[in-house]
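*Asks:* Pasting the sequence and the predicted model now:
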Amino acid sequence: MSPASQAVDGNLGSRWESIHNVDPQWIYVDLGAPTDLDSVVIYWEAARAKDYVLEVSTDASIWTPVFSTTTGSGPKDKIITAATNVRYVLSLIHI
């Protein structure tokens, strides 16, 4: 199992690995400070999710959906979103 920190380490050779056959799963990123987002880019490996949701939050408690798909295609998904003043970005994954 790969640690969640590898999801955002900037190395495309490492990754966060979800638990096989357990749905849904999620991972969220703390941006460190409130930020305005115009897009989120997800780089997938071969075992990518087709069905997932992106949500944003200011406090990691109350989440607002900003994108969902049932046809994710990878290996790189760029999601355009206009989310303002958010600190956390969550991906809820259904494989």
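*Replies:* Noted; the coordinates are in hand.
*Asks:* so who does V66 touch?
*Replies:* Counting by Cβ atoms under 8 Å, 6 or more residues apart in numbering, V66 makes contact with L54, E55, V56, I79, T81, A83. Yep, even glycine has a C-beta here, placed from its N, CA and C like the rest.
*Asks:* Quick one, which of the residues you listed are buried?
*Replies:* Among the contacts of V66, those buried by neighbour count (16 or more other Cβ atoms under 10 Å) are L54, E55, V56, I79, A83.
*Asks:* Any idea what the third one is bridged to?
*Replies:* In this case it means V56. T64, V89 (DSSP bridges).
*Asks:* Make JSON lines from the buried ones among the contacts of V66 and add distance to A33 and pLDDT to it.
*Replies:* As requested, those are exported to JSON lines (distance: Cβ to Cβ, whole Å; pLDDT from 0 to 100):
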{"residue": "L54", "distance to A33": "19", "pLDDT": "91"}
{"residue": "E55", "distance to A33": "18", "pLDDT": "93"}
{"residue": "V56", "distance to A33": "14", "pLDDT": "95"}
{"residue": "I79", "distance to A33": "21", "pLDDT": "90"}
{"residue": "A83", "distance to A33": "14", "pLDDT": "90"}
